[in-house]
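S.K.: Predicted coordinates and the sequence they were generated for:
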Amino acid sequence: MSAEDRAEAMALLTAPDLTGRILADFAHVGVVDEAVNIQTGYLACVSRLLDRPLAIIIQSSSAAGKSAMMDAVR
């Protein structure tokens, strides 16, 4: 990783509006009104490198958009 890439990554990670930026990216691809679910799914995905990664279960009624939301998070 170049020093420039590392500096850019650290700027993103330390941004005070990181969650807002994540939600804006999801809105850009069409996923809206799911802030809590998006943030939960995002945290589970980025935890994959931890010794004990997070796991989530999404429960809702049929045709509620569960698969679409998780596809967007992945």
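M.R.: Sure, I can see it. Numbers count the residues shown, from 1 in each chain.
S.K.: rest of the way, CA atoms for contacts and neighbours
M.R.: OK.
S.K.: Just the element for Q39, please.
M.R.: Taking DSSP states H and E as the definition, Q39 sits inside helix 35-46.
S.K.: Which elements pack onto that helix?
M.R.: Packing partners of helix 35-46 (3 or more Cα pairs under 8 Å, 6 or more residues apart in numbering; DSSP states H and E): helix 18-28, helix 66-73.
S.K.: Could you check the angle it makes with helix 18-28?
M.R.: 100 degrees (axes from the mean of the first three to the mean of the last three Cα atoms, to 10 degrees).
S.K.: List the buried residues of helix 35-46.
M.R.: A35, I38, Q39, G41, Y42, L43, C45 (16 or more other Cα atoms under 10 Å).
S.K.: Of the residues you listed, which is the nearest to T14?
M.R.: Lowest distance from T14 to the buried residues of helix 35-46 (Cα to Cα) belongs to L43, with 15.6 Å.
S.K.: Would you enumerate the residues in contact with the closest one?
M.R.: L54 (Cα atoms under 8 Å, 6 or more residues apart in numbering).
S.K.: Now do it against S2, distance only.
M.R.: According to Cα to Cα, to the nearest Å, L43 and S2 sit 25 Å apart.
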